[in-house]
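# Structure of the sequence below:
(chains A, B, C and D)
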Number of protein chains: 2
Amino acid sequence: MVTIKDVAREAKMSVATVSRVLNASGPVSDETKRLIREVAGRMRYVPHSGARSLITSRTETLGVLLPDLYGEFFSEVIRGMDDTAQRNGFHLLISRAYADRHGIETAIRAMRGRVDGVVVMSPDLDAKSLLNLPSTIPVVLLCSVPRGNGIDSLTIQNCRGAREMVAHLTSLGHKRIAIIKGSARNYDAAERFRGYRMALREAGITPDPSLEREGDFTEAAGYTAALKLLALKNRPTAIFAANDSMAIGALSALRQSGMAVPEEMAVAGFDDIPLARYMDPPLSSVHVPICELGAKAVELLLHGIMHKNDHARRRERVSTKLVIRRSTGGEPAERSPPQPQTLNREMVPV
Amino acid sequence: MVTIKDVAREAKMSVATVSRVLNASGPVSDETKRLIREVAGRMRYVPHSGARSLITSRTETLGVLLPDLYGEFFSEVIRGMDDTAQRNGFHLLISRAYADRHGIETAIRAMRGRVDGVVVMSPDLDAKSLLNLPSTIPVVLLCSVPRGNGIDSLTIQNCRGAREMVAHLTSLGHKRIAIIKGSARNYDAAERFRGYRMALREAGITPDPSLEREGDFTEAAGYTAALKLLALKNRPTAIFAANDSMAIGALSALRQSGMAVPEEMAVAGFDDIPLARYMDPPLSSVHVPICELGAKAVELLLHGIMHKNDHARRRERVSTKLVIRRSTGGEPAERSPPQPQTLNREMVPV
DNA sequence: GCCCTCTGTGTAAACGATTACATATTTCGG
DNA sequence: CCGAAATATGTAATCGTTTACACAGAGGGC
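This next block holds a predicted model:
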C-alpha cells in the first residue's frame, strides 16, 4: 500500500508538503502542487483514513442504526441519507440493531471511534433508555419518541396525516370507520392511532373499540384483521390501515370475501408506497416523503457535527400529503351528501 | 475520549497489559484481568478503531457498493449481509454508486483504507472495466457479469428460474407467451431473457419478436408494456415479466382493460416479493432468496479476507424456486390436456 | 543596509493502539 | 540449591497522517 512517504520520496519533497497540497492547507508553489498531484495520481495514492482520523479525530463517517425494516422504507431512507452524506464527503456505516436499550447501546458502542455521529431509529415506545445514550457524539433520533434530553429528533407528521385521512373518510359520510393499528409498542403506530381518534372526535363520532384492531405492519396482519372486521355483526363501512402493507393485506381479504371496494367498504393506507397505485382498486394513502426523511436526518446530524453539538436542539417533522385514489371511493355504504373536495387527487397513471 | 492510557493509569498497569487483557493475547494473571476489565468497563473505554487499524492493517469493515436499488431487494440483501457481518464482528460501509466504471472505481477508491474488502453489485452489462479493479483488497461481484480475472462472484440462477417458469407456462399449453424484459443493459435481465428463449425453444416454439417487450423493472414499465401487448392483433395468452414489479404493473393494466387473469391471460413474475401473494389474483413467481444472497456474498468476502485472497476463485449461484399461484391458472386460453403438476404450489395464507 | 513580512519548504511531535523484546518473579526438576 | 522454563509485566518502536514550529530566501519600506 502506497503511503504519503512513498509519494514524498518519489516527488523529492517532504511529507508535510505533500499533505499540504492534498489538503490545500498552507502555501505551496504552483509548480510543486502540479508535481505532487501528478505523482500522487500516478501512484494511486489514497490516504489511510485510520491514520487521518487518529490525528484529526474526525472519521467522515456517519453511523446509521436501524431496527428490522422491510421493503420500501428501508431502501428509501438509506437512499436519502447516502445522497446527502456523499454530497458532504461522508460515508455511511449501517447496522441493524434490536430496538431495546441494550441493543442500541451496544451498537453505538461498537461504532465509537468509527463515526462522527449517529442516526438512531428506535421506534420502540418503551426504549426510554435513550435518555442517557453514551452521546459523546451527536445523535439524531429518527421516527422515535422525541426525548427531552437535548437530542435532535426528526419524525413524520403521523398524527396529522392520519387525522386528515380519517377526516376525508368522515367527510364522505362514513360513520363506522375501523382502524388496523400498527405494532403495539411502535411510536409511529401510536401517533397514527392518535390522529385517527382525533379525527373521529372532531366528527362527533364515538370510538368503538371493536373497530380498533391490533396489527404489526405486515400484509398478513392486515389480512387477518380485515377478516375479523368482516365477521362483526355491526360491520364498519371503511378501514383505515396504519400502513400500506396492511391495507394491501386487507384488500386481499376483502376481495376473497367478495366485498366490493370501495362500494361496500372503503380502504385507506399510510406511506403511499409505489405499489399503492397499482392495487385494485388503487389505494388511497398518506404520502410520506421517505427519501427526504433520510436526507433531513443526515442534514441535522451534519449540522450537529459541524457545530460540535452545541446548538439549540431541534425537533423537526416532515409533512405528509393525502393521496386520494379509488379505494376510498366517493360513495360510502351509508350515503350522505358528498362534501366539497379540497384534497389533492391522483389517479392511476396512463 | 478515554484511551488505553487512561485505563492503564487508572488500573496502575501498563498499556501493554491492558491491551493483552482486552485482546486476550499473552499471559495475564486472573486478578489483573479482573481488575482491568472492571476499570475499562467503568470508564466505558472503547478502543479507537483508527489507531487499531493503523497497526493491524485490518478495519473489520466491509464495503458494499450498490446501484440504484428499490424496495424489497435492497433491504433484504442488506439484511442478509449485516447479519453475517455482525456475526463475524464486522461492520458494513454502504454506498450507492453509478454502475459505470468511473463511478465504481471512485467509490472503491474512497473506501480504501476504510474496509477490508468490498461487495460490488454492478449489474450493468457494459461495465467491462471491472476487469482491472484496483483490487488490492478482496472483491466479490454480486449479480454482475462474472468476469474471468479472478474475482469471486455470486449470482442468481436467473436463466434456470426463467426457463422453469416459462416451461411451466408451455406445459399448460400456452403457445404465445410474451415477455416483458428488464432493463436493456442489465445482467439479470439478459439472463432471464435467455431462459425465456431457451424454454420456448425446448417447447418447439419459435420466438416472436413482437411478444418481446422492453422494460425497466418498474411497475410503470409493466403497465405500459402490457397495454402494448393487448393492442396486438395476435395477442399472447400469457405474459412473463422479468420481475414482480413489472408483473404487478401488467396486472393493473389487464384489470383496467377488463381482461380476466388467468382465464384470458396468464401472468408470471420473478423475485417473489412478499406482496406477490396478495395480488389479485395471487401472482406466480420465481422465488429468489435475496437475504441468503447477501449472506453468501459476505461469506465469500470474509473467506477471501481470511485467506488473504489467495484461494481458488469461486463462482457461485443461489438457486431459485418456482412458486405457482393463481395468476398462471391451469387453464390457458387455448386448451390442451392438463399436465401433471410436480411443482410446489402455494396459496394465499389463511 | 536593516528589519519585517511573505512565501515555500522541512523536521519532528503528536494521535491511540499492538507487539517484539526485555525484565522480573515464580516454579520446578534434578 | 541451581538453572531452565514458565509466568507476569513493562518499555518502546511502529503504523500513516496532520500540523506546530523552524528556517531560508525574496521583496519592500524606511
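# I'd guess A:Leu69 is in a strand, am I close?
No - residue assignment for A:Leu69, taken from DSSP: H, G, I helix; E, B strand; the rest coil, gives coil, which places it outside any strand.
# For it, grab the count of nearby residues.
Counted with other C-beta atoms under 10 Å in any protein chain shown, the neighbours of A:Leu69 add up to 18. The C-beta positions use only the backbone N, C-alpha and C, and glycine is treated the same way.
# Can you tell me the closest non-neighbouring residue to it?
B:Ser75 (6.2 Å; C-beta to C-beta, 6 or more residues apart in numbering or on different chains).
# Is chain B within reach of stretch A:277-286?
Yes - taking C-beta under 8 Å from any C-beta of the partner chain as the criterion, stretch A:277-286 and chain B are in contact, through A:277-280.
# From the residues you listed, pick the one nearest A:Leu302.
A:Arg277 (33.9 Å; C-beta to C-beta).
# can you count the residues close to A:Met81?
Neighbours of A:Met81 using other C-beta under 10 Å come to 27.
# Contact partners for it?
Contact analysis of A:Met81 by C-beta atoms under 8 Å, 6 or more residues apart in numbering or on different chains lists A:62, A:64, A:92, A:119, A:294-295, A:297-298.
# Most neighbours out of the residues of stretch A:277-286 next to chain B, which is it?
Neighbour tally across these (other C-beta under 10 Å): the maximum, 30 neighbours, falls on A:Met279.
# how about it, what does it touch?
Contacts for A:Met279 were tallied using C-beta under 8 Å, 6+ apart; they are A:248, A:251, A:327, B:252.
# what are the phi and psi angles of it?
For A:Met279, the backbone dihedrals are phi -80, psi 170 (criterion: degrees, to the nearest 10).
# can you tell me how far it sits from DNA strand C?
Spatial separation of A:Met279 from DNA strand C under the definition C-beta to the nearest atom of the strand, to the nearest Å is 53 Å.
# With A:Met121 instead?
With distances taken as C-beta to the nearest atom of the strand, A:Met121 is found 28 Å from DNA strand C.
# Name the helix or strand for the residue in the stretch 51-200 of chain A that DNA strand D sits nearest to, please.
When distances are taken as C-beta to the nearest atom of the strand, the stretch 51-200 of chain A reaches nearest to DNA strand D at A:Ala51, 3.3 Å away. A:Ala51 is part of helix A:49-56, with elements assigned from DSSP states H and E.
# So is that helix next to chain B?
Yes - Helix A:49-56 comes into contact with chain B when judged by C-beta under 8 Å from any C-beta, the residues involved being A:49-54.
# Next, format those residues as JSON lines and append pLDDT.
Formatted as JSON lines, the entries for those read as follows, by pLDDT from 0 to 100:
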{"residue": "A:Ser49", "pLDDT": "91"}
{"residue": "A:Gly50", "pLDDT": "92"}
{"residue": "A:Ala51", "pLDDT": "93"}
{"residue": "A:Arg52", "pLDDT": "93"}
{"residue": "A:Ser53", "pLDDT": "93"}
{"residue": "A:Leu54", "pLDDT": "92"}
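# rewinding a little: what's the most distant pair in the residues of stretch A:277-286 next to chain B?
A:Arg277 and A:Asp280 (10.6 Å).
# what comes up buried for the helix or strand bottoming out on mean pLDDT in chain A?
One helix or strand of chain A scores below all others by mean pLDDT, DSSP states H and E: helix A:101-111, with a mean of 78. Going by neighbour count (16 or more other C-beta atoms under 10 Å in any protein chain shown), the buried part of helix A:101-111 is A:101, A:103-105, A:107-108, A:110-111.
# how about the residues of chain A near DNA strand D?
A:1, A:3-5, A:15-16, A:19-20, A:22-23, A:25, A:45-48, A:51-52, A:54-56 (C-beta under 7 Å from any atom of the strand).
# let's go with 10 Å and repeat that
Contacts of chain A with DNA strand D, taken as C-beta under 10 Å from any atom of the strand, map to A:1-8, A:14-23, A:25-27, A:40, A:45-58.
# Out of these, which sit inside helices?
Judged by DSSP state H, the residues of chain A next to DNA strand D include A:4-8, A:15-23, A:40, A:49-56 as members of helices.
# buried subset of those residues?
Under a neighbour-count criterion of 16+ other C-beta under 10 Å, the subset of those counted as buried comprises A:4, A:6-8, A:17-22, A:40, A:49-54.
# wait, the residue of the stretch 51-200 of chain A closest to DNA strand D sits on B:Ser49?
No - A:Ala51 is beyond contact range of B:Ser49, at 11.9 Å (criterion: C-beta atoms under 8 Å).
# Tell me the gap between the helix or strand harbouring A:Gln86 and the middle of its chain.
Assigned by DSSP H and E, A:Gln86 falls within helix A:71-87. Between the centre of helix A:71-87 and the centre of its host chain there is 9 Å, according to C-alpha atoms, centre = their mean, to the nearest Å.
# Please apply the same query to stretch A:11-24.
Going by C-alpha atoms, centre = their mean, the spacing between the C-alpha centre of stretch A:11-24 and its chain's C-alpha centre is 43 Å.
# so A:Gly63 sits in a helix?
No - assignment of A:Gly63 by three-state DSSP gives strand, placing it outside any helix.
# Pull up the gap between it and A:Ser122, please.
Using C-beta to C-beta, to the nearest Å, A:Gly63 is found at 13 Å from A:Ser122.
# swap in A:Val145?
Distance of A:Val145 to A:Ser122, given as C-beta to C-beta: 8 Å.
# can you check A:Leu92 too?
The gap separating A:Leu92 from A:Ser122 is 18 Å, by C-beta to C-beta.
# who has more neighbours, the two?
Neighbours were counted for A:Leu92 and for A:Ser122 using other C-beta under 10 Å; A:Ser122 has more, 27 against 24.
# my guess is that one meets A:Leu66, correct?
No - taking C-beta under 8 Å as the definition, A:Ser122 is not a contact partner of A:Leu66, at 9.1 Å.
# Which one (most neighbours) among the contacts of A:Met279?
Within the contacts of A:Met279, A:Leu251 tops the neighbour count with 30 neighbours, counted by other C-beta under 10 Å.
# what sits against that residue?
Taking C-beta under 8 Å, 6+ apart as the criterion, A:Leu251 is in contact with A:261, A:267, A:279-280, A:283, A:327, B:278, B:280.
# mind showing which ranges of chain A have poor pLDDT?
Under the criterion pLDDT under 70, the flagged ranges of chain A are A:99-101, A:126-135, A:148-149, A:330-350.
# one more time with 50, if that's ok
A:332-350 (pLDDT under 50).
# can you give me the strands in it?
Per DSSP state E, chain A carries strands over the ranges A:61-66, A:91-96, A:117-121, A:139-142, A:152-156, A:177-180, A:212-213, A:238-241, A:266-268, A:285-287, A:315-318, A:321-323.
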